[in-house]
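In: With the input below, show me the fold.
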Amino acid sequence: MRAHAWGLWQRILPVWERWQRSDAVFGATDRIFRELQAFKVKDRLEVETAPLMFAVIFDPIAAKHVQDHHLASTEALRGLVAIPDFPRGAITLKSVWFPVHRDRLTPLPIWDGDPAIDDGNPTRTWRRQIVIDPGGAHDEPTSGAIDELVDGIHRVPIDAFIHRSLTTPDEVAAARRVSHDPTLAIGDQVVLLAMHISTKEIPDWVWATLWWHDLPDDGPYANGRPATLAGAARNYLMDVTFSATDPKGAPRAVMNPWLEARFPSGVVSNCLTCHRRAALGTLEYLPVTREDTRVDDPYFDDKTQTDMVWSLALEAR
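Out: The predicted structure follows:
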């Protein structure tokens with residue numbers, strides 16, 4: 001499973017930034033970057049405090065399926081027609097970005113497997129941070145030295161990340177809006193912090209997730225990384241699942257700390273378990289469930305399933 005997921009990462013690296021974002025696939029205005037959704041925890045509204053920005057992306061096979069079957073049409077979104085399963089080979093991504101000013105050091109929290117707290121493990125509870133140094137930026141990302149300590153804090157060159165510049169007024173406006181940073185400008189950078197990869201290779205899809213770390217060779221999430229993986233792409237940890245349970249039938253935990261750790265029980269969540277519930281008529285993707293939802297569960301009685309694609313269920317409106 002891990003070898004397959006690392007292979008997926010290598011395969012998409014040269015091409016994924018040319019794929020369409022979901023807004024364009026659905027025929028809507030492209031927001032470029034989007035803000036993580038706030039949610040209720042008991043009587044409190046949990047709002048992401050880090051300037052995280054995300055985008056949902058469809059490969060050409062997935063985009064063609066949506067457009068050929070008019071899955072963003074009024075009829076489809078009202079549940080008046082069935083949503084056909086995506087074809088074999090379709091890929092959807094969720095990328096997470098973080099803005100970095102070109103003229104200053106930028107602090108970044110780091111998840112070190114912090115223990116979950118009752119109400120989740122959001123970024124503001126993470127115990128360690130590094131700083132990103134934009135001084136070494138180049139046109140092509142390369143693997144930088146990520147072990148320089150300054151006053152006990154890692155100072156990491158931006159080339160240790162997959163990154164790109166904000167080059168247009170629209171990109172700057174989107175980054176300012178989502179990060180709540182009005183000082184961002186053309187020439188500032190965004191670094192890729194995390195990515196969900198889902199591929200329709202089996203009926204329940206393959207679910208891989210990656211996140212950047214300043215100690216990318218440590219721990220189980222580094223296992224199996226191929227020697228042929230070059231440059232900044234080597235600095236991402238990875239987890240993967242093909243199922244909701246392990247071989248003994250116990251719930252399997254596969255999550256991305258930048259996306260799911262903030263949820264109650266998020267650090268023990270599972271991509272497949274969450275996406276199984278994707279359906280028109282659902283208002284949100286929470287709560288986190290540990291057990292898989294059967295396709296004949298009453299939860300689906302008044303809903304139209306979207307082949308485990310949440311963006312169809314919640315965003316194509």
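In: who's in contact with the closest residue to Arg290 other than its chain neighbours?
Out: Sequence neighbours aside, Pro251 is the residue nearest to Arg290 in space, at 4.4 Å (criterion: Cβ to Cβ, 6 or more residues apart in numbering). Using the backbone N, CA and C atoms, a C-beta is placed for each residue, glycine as well. Residues counted as contacts of Pro251 (Cβ atoms under 8 Å, 6 or more residues apart in numbering) are Ala244, Thr245, Val268, Asn270, Thr273, Arg290, Glu291.
In: Check the gap between Pro251 and Tyr299 for me.
Out: The spacing between Pro251 and Tyr299, counted by Cβ to Cβ, to the nearest Å, is 17 Å.
In: And the helices in the stretch 1-150 of the chain?
Out: 2-12, 22-25, 60-68, 74-77 (DSSP state H, counting those that start in this stretch).
In: residue ranges for the strands of the stretch 51-200 of the chain, please.
Out: 53-58, 91-100, 106-110, 128-133, 149-150, 153-157, 163-165, 189-199 (DSSP state E, counting those that start in this stretch).
In: Output those strands in TSV; the columns should cover mean neighbour count.
Out: Output for those, formatted as TSV (neighbours: other Cβ atoms under 10 Å):
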stretch	mean neighbour count
strand 53-58	22
strand 91-100	23
strand 106-110	18
strand 128-133	18
strand 149-150	10
strand 153-157	20
strand 163-165	17
strand 189-199	23
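In: nearest to Val66, of those?
Out: Ranking the strands of the stretch 51-200 of the chain by proximity to Val66 (Cβ to Cβ) places strand 53-58 first, at 6.8 Å.
In: any idea of the mean pLDDT for that closest one?
Out: Across strand 53-58, pLDDT averages out at 98.
In: Then stretch 82-102?
Out: 96.
In: Using PDB, write out the CA atom coordinates for stretch 100-113.
Out: The C-alpha atoms that make up stretch 100-113 are tabulated as PDB, following Å, rounded to 0.1, in the frame of the first residue of the first chain:
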ATOM      1  CA  VAL A 100       5.200  33.200   3.000                       C
ATOM      2  CA  HIS A 101       6.300  36.800   2.600                       C
ATOM      3  CA  ARG A 102       9.300  37.300   0.300                       C
ATOM      4  CA  ASP A 103      11.000  39.700   2.700                       C
ATOM      5  CA  ARG A 104      10.700  38.200   6.200                       C
ATOM      6  CA  LEU A 105      10.800  35.000   8.100                       C
ATOM      7  CA  THR A 106       7.500  33.200   8.500                       C
ATOM      8  CA  PRO A 107       6.700  30.900  11.500                       C
ATOM      9  CA  LEU A 108       5.000  27.600  10.800                       C
ATOM     10  CA  PRO A 109       3.500  25.200  13.400                       C
ATOM     11  CA  ILE A 110       4.600  21.600  13.200                       C
ATOM     12  CA  TRP A 111       2.600  18.500  14.100                       C
ATOM     13  CA  ASP A 112       4.800  16.000  15.900                       C
ATOM     14  CA  GLY A 113       2.000  13.500  16.600                       C
END
